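Undergrad: just a sequence and a predicted model for now, questions to come.
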Amino acid sequence: MAMILPVEGVLPQMGANCFVAPNATIVGDVIMGDDCSVWFNTVIRGDVNSIRIGNKVNIQDGAVLHCTYQKTKTIIGNNVSIGHNAIVHGCTIHDNVLIGMGSIVMDNAEVGSNSIIAAGAVVLEGTKIESGVIYAGVPAKKIKNINEELIKGQIDRIANNYLHYASWFKNENDI
C-alpha cells in the first residue's frame, strides 16, 4: 500500500480515478486532480510547502516532487507527463508539458504550455521557458519550436498512454 501521510495535520488529497503505486510516497500539503497516476518509487513531498497537481498528470517511476521551505511551491498544470527519475522542485509547470526522464527543473523556474524538457536537461533556478518549445542540455537551452504534430505525437500521446497503463493496475488493486 502506498505511503500517504499527513504533515502537521494536512493529509494529501486526490481527485477521482487516480492510481497511486503501492510503493509511492505522498505526504503533506498535496492536492492532485482527476485521472492522475503516481508510479513506482515516486516521492511527492508537500512537507515544507504546497504541491498542486492538475488533471491527467502522470508522475513516472522514481520521480521526486518537492519545494523549498517557506519560499517556493510546486504547481503542475493539466495533461503533464513527468518522466522517470525527474526532479521537479519548487517550480511551475503549465498545461500540456512533457518533462523528460532524468531531467531537473529547479526553484522558481516556469515551463510554458505545450513545451518539452528533454531527457537529462537541467532547467536552472528562475528560468522562464516560453510556450511551445523544446529545451535540452545542461543548463537547458532552447532547441526549437514545437509544432502541433509534435504536441499530439508526444505530449498528448504519452499522457493518454499513462491513463491506459494506470487502468491495468486499478483493476488488480480491487482484488
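TA: Received the coordinates, thanks.
Undergrad: who's the closest residue in space to residue 75 that isn't next to it in sequence bridged to?
TA: In this structure, residue 75 finds its nearest non-sequential neighbour in residue 92, 4.6 Å apart by C-beta to C-beta, 6 or more residues apart in numbering. Heads up, the C-betas are built off the backbone N, CA and C, glycines and all. In this entry, residue 92 is beta-bridged to residue 75, residue 110, by DSSP bridges.
Undergrad: list the contacts for residue 92?
TA: 74-75, 109-111 (C-beta atoms under 8 Å, 6 or more residues apart in numbering).
Undergrad: columns distance to residue 28 on top of those, output as a markdown table?
TA: Converted to a markdown table, the contacts of residue 92 look like this (distance: C-beta to C-beta, whole Å):
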| residue | distance to residue 28 |
| --- | --- |
| 74 | 11 |
| 75 | 15 |
| 109 | 21 |
| 110 | 23 |
| 111 | 23 |
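Undergrad: most neighbours of all those, which one?
TA: Counting by other C-beta atoms under 10 Å, residue 111 has the largest number of neighbours within the contacts of residue 92, with 28 neighbours.
Undergrad: who's in contact with that residue?
TA: By C-beta under 8 Å, 6+ apart, the residues touching residue 111 are 91-94, 97, 99, 105, 117, 123, 129.
Undergrad: any idea how far the residue nearest the centre of the chain lies from residue 149?
TA: By C-alpha atoms, centre = their mean, the chain has its centre lying nearest to residue 82, at 4.1 Å. Residue 82 is 22 Å from residue 149, where distance means C-beta to C-beta, to the nearest Å.
Undergrad: show me which helix runs longest in this structure.
TA: Longest helix in the chain, counting residues (DSSP state H): helix 157-173.
Undergrad: for that helix, C-alpha coordinates in PDB please.
TA: Output of helix 157-173 as PDB, limited to C-alpha atoms (Å, rounded to 0.1, in the frame of the first residue of the first chain):
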ATOM      1  CA  ARG A 157       0.200  10.500 -26.700                       C
ATOM      2  CA  ILE A 158       2.300  10.000 -23.500                       C
ATOM      3  CA  ALA A 159      -0.400  11.500 -21.200                       C
ATOM      4  CA  ASN A 160      -3.100   9.300 -22.800                       C
ATOM      5  CA  ASN A 161      -0.900   6.200 -22.700                       C
ATOM      6  CA  TYR A 162      -0.400   6.600 -18.900                       C
ATOM      7  CA  LEU A 163      -4.200   6.800 -18.400                       C
ATOM      8  CA  HIS A 164      -4.400   3.400 -20.100                       C
ATOM      9  CA  TYR A 165      -1.400   1.900 -18.200                       C
ATOM     10  CA  ALA A 166      -3.000   3.000 -14.900                       C
ATOM     11  CA  SER A 167      -6.200   1.100 -15.800                       C
ATOM     12  CA  TRP A 168      -4.200  -2.100 -15.700                       C
ATOM     13  CA  PHE A 169      -3.300  -1.600 -12.100                       C
ATOM     14  CA  LYS A 170      -6.600  -0.200 -10.800                       C
ATOM     15  CA  ASN A 171      -8.400  -3.400 -11.600                       C
ATOM     16  CA  GLU A 172      -5.700  -5.500  -9.900                       C
ATOM     17  CA  ASN A 173      -5.900  -3.400  -6.700                       C
END
